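S.K.: give me the fold of what follows.
(one chain, ligands or ions: 1)
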Amino acid sequence: MWLLVALVLVLLYYLIRRHYSYWKNLGVPGPKPWPLFGNYADNFFGKRTARQIATEIYRDYEGYPFVGIYKATTPALMIRDPELLRNILVKDFKHFTDNDFEVDKEIDPVFGRNPFVLKGQEWKHKRAQLTPCFTSGKMKGMYIFLDTNAQRMIRYIEEETKMSTSMEARELCIRFTLDNVAACAFGLEGKCFDETNPEFRILAHKLISPEGLGKITSLIMILCPWVASFLKIKLVDKDTEQRLIDIVSSTLKYRKENKVVRNDFLDVMTEISTENGLFSEIDVVANSASFFGDGYETSSRVMSFVLFEIAQNSGAQGRLREEINEVLSKNGNKFTYEVISNMPYLEACLNETLRKISIIDLVKICTEDYTYESTAPGFKPLKINIKAGTSILLPVDGLHRDPVYFPDPDKFLPERFLDKQDEGFKKHLYIPFGDGPRICLGQRFGILQIKVGVAYIIKHYQLSVNSKTQLPLKFNPYYMMPDAIGGLWIDITKVN
Ligand code: HEM
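M.R.: Below is the predicted model of the structure:
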């Protein structure tokens, strides 16, 4: 009996050792993994975020073009050499067409149709269909909804600050971006500034949030996609899914019967749906729903960090307000699409926030074998044959905060985006929205809504950081996007 147990243990040890020798056998350097947890044990035990772990490994392997790591049990190649990174995203994209994220369309009909998780030809087809939804012409048409919601937000702040000047920035940004999503993707009033817990808020919370997505679920999705696939993990629960389908179906029916045209995303998607039978109603629902994840969740987070950075940096805040007032004075004191698009310092503040606090590290899959030999100065001349199926990690946070590419990386310096002299720009390393054929589809919408919201707030209010904010910021270790523990509290007072 004991002999059998001993034999099983020896066999297990041998198998684990063999599994975790994948990179060693290929001569790829990398940190020592733990059985089962790989290099992410601290993440599983809630000590650090996955991004913090990746950034630390990135920094430890200076001079190496790539590093072999283990995302739990899966070997993954972290890319450090800017040339290889660019090849993966742009030049040799055909070898890396998919994201490393498994969602089964049969189990998750809504999330499984999100372009971010689609693969191969199906992704290509859907991407081509959806691209016309995001042109600058379409953004201009939707500006009116964003402007109306920004005015609502100002009225809301006016009322709230009568009671207390301190506000949680993300809470405010959630209300604003959710109202935008409701208006542009569902053709509805989100009522997020009128009601404490409107239906849209509840739905969004269930659909995607650090609590809604489920700590463990999202961790498994990112670190062990094959486990998620094996366990048939469902991201969107049945009731939420059905409610989304009902909302979109009834809106579509109402518009058809009453010949309503609003020029929003729903209208554009309906055109695709009628022109092409392959784009069914569930596709329209799925794409409207993907706004929650792709549109509201990302944008509300980024916008709250922009407000937080501006609140921390009074010099930048003053300069931004001057720009806003100057542009407005030349345009009849009225915000318009053109006015918002003509504010370089506002754009620089947004870009610098996205550099300093990047929203996500990119995870790709090698879809066709690929060979690379590093010849770049400053990197060891290593060669690698990447096998199809290999997971690839592009450490956006590590790159964005590497002083070689962006000097004084932990300082908030929007000016670097005005002259673009940093080495990182020459090497195309500023990639908060990704790059190449899979670059963020909704970046124009995301950028526009954040700019509108921030411009309105800074025009009317002076911001400073409230002592309730826990500094330095610490992030929820289980959430895939930066989620500040304790919140981002700011004081808001009226500009004289
Ligand atoms: C500031 C806000 C946003 C940030 C930082 C952001 C960032 C990103 C990133 C990093 C990716 C992955 C790119 C890659 O795989 O190479 C992505 C993909 C995507 N984003 Fe965004 N995003 C934002 C807002 C939005 C909005 C507002 C929408 C839609 C309304 C959107 C829709 C999408 C879609 C559909 C994809 C998948 C594209 C594909 O795989 O073809 N995003 N985004």
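S.K.: show me which residues of the stretch 101-250 of the chain sit near the ligand.
M.R.: 115-116, 127 (C-beta under 6 Å from any ligand atom). Placement of C-beta: from N, CA and C, glycine included.
S.K.: longest helix in this protein, by number of residues?
M.R.: helix 136-163 (DSSP state H).
S.K.: note down every partner strand of the following helix or strand past that one and its orientation.
M.R.: Where DSSP states H and E defines the elements, the next helix or strand beyond helix 136-163 is strand 166-168. With DSSP bridges as the test, strand 166-168 is paired with strand 489-494 (antiparallel).
S.K.: which ones are touching Lys364?
M.R.: 88, 96, 98-100, 391-392, 394 (C-beta atoms under 8 Å, 6 or more residues apart in numbering).
S.K.: for it, which non-adjacent residue is spatially closest?
M.R.: Closest residue to Lys364 apart from its sequence neighbours, by C-beta to C-beta, 6 or more residues apart in numbering: Ile392 at 4.2 Å.
S.K.: just to be sure, the one you found is in a helix?
M.R.: No - using DSSP: H, G, I helix; E, B strand; the rest coil, the assignment for Ile392 is strand, not a helix.
S.K.: beta partners of it?
M.R.: Leu77, Lys364.
S.K.: looks like it contacts Leu89 (just checking).
M.R.: No - proximity of Ile392 to Leu89 does not meet the contact threshold set by C-beta atoms under 8 Å, at 10.1 Å.
S.K.: where do the contact lists of these two overlap?
M.R.: In contact with both Ile392 and Leu89: Phe96, using C-beta under 8 Å, 6+ apart.
S.K.: count the neighbours of Leu15 for me.
M.R.: For Leu15, the tally of surrounding residues (other C-beta atoms under 10 Å) stands at 10.
S.K.: on the three-state scheme, it is what?
M.R.: With three-state DSSP as the criterion, Leu15 reads helix.
S.K.: against Ser21, how distant is it?
M.R.: The gap separating Leu15 from Ser21 is 11 Å, by C-beta to C-beta, to the nearest Å.
S.K.: what sits against Cys316?
M.R.: Heads up, residue 316 is Ala, not Cys. 309-310, 349, 412, 414 are the contacts of Ala316 under C-beta under 8 Å, 6+ apart.
S.K.: now name the helix or strand holding it.
M.R.: Counting by DSSP H and E, Ala316 is found in helix 314-329.
S.K.: quick one: is stretch 280-293 near the ligand?
M.R.: Yes - residues of stretch 280-293 are located near the ligand by C-beta under 6 Å from any ligand atom, namely 290-291.
S.K.: let me see the mean pLDDT of that stretch.
M.R.: For stretch 280-293, mean pLDDT is 73.
S.K.: how distant is it from the center of its chain?
M.R.: 17 Å (C-alpha atoms, centre = their mean, to the nearest Å).
S.K.: contacts made by it with the rest, please.
M.R.: 109-116, 126, 130, 181, 184-186, 203-204, 207-208, 236, 244-245, 248-249, 252, 265-266, 269-270, 273, 442.
S.K.: ok, which residues in the stretch 351-496 of the chain are in contact with the ligand?
M.R.: Close to the ligand, as judged by C-beta under 6 Å from any ligand atom, the stretch 351-496 of the chain has residues 359-360, 362, 432-434, 438-443, 445-446.
S.K.: check contacts around the residue nearest to Glu83 when sequence neighbours are not counted.
M.R.: Ranked by C-beta to C-beta, 6+ apart and with sequence neighbours excluded, the top spatial neighbour of Glu83 is Ala376, at 5.3 Å. Taking C-beta under 8 Å, 6+ apart, we find Ala376 in contact with 65, 81-83.
S.K.: what separation is there between Val404 and the ligand?
M.R.: 22 Å (C-beta to the nearest ligand atom, to the nearest Å).
S.K.: you'd agree that residue is up against Lys427?
M.R.: No - Val404 is beyond contact range of Lys427, at 9.6 Å (criterion: C-beta under 8 Å).
S.K.: please say which of the two ends up with more neighbours.
M.R.: Under the criterion of other C-beta under 10 Å, the comparison of Val404 against Lys427 puts Lys427 first, with 17 against 14.
S.K.: what's the spacing between the more buried one and Asp42?
M.R.: Counting by C-beta to C-beta, the gap from Lys427 to Asp42 is 30 Å.
S.K.: thinking again about what came up before, farthest pair in the contacts of Lys364?
M.R.: Asp98 and Leu394 (13.5 Å; C-beta to C-beta).
S.K.: higher neighbour count, those two?
M.R.: Shown here are Asp98 and Leu394; by other C-beta under 10 Å, Leu394 has more neighbours (24 against 18).
S.K.: now that one: closest residue in space that isn't a chain neighbour?
M.R.: According to C-beta to C-beta, 6+ apart, the nearest residue to Leu394 is Leu362 (4.0 Å).
S.K.: phi, psi for the one you found please.
M.R.: Main-chain dihedrals, Leu362, degrees, to the nearest 10: phi -90, psi 140.
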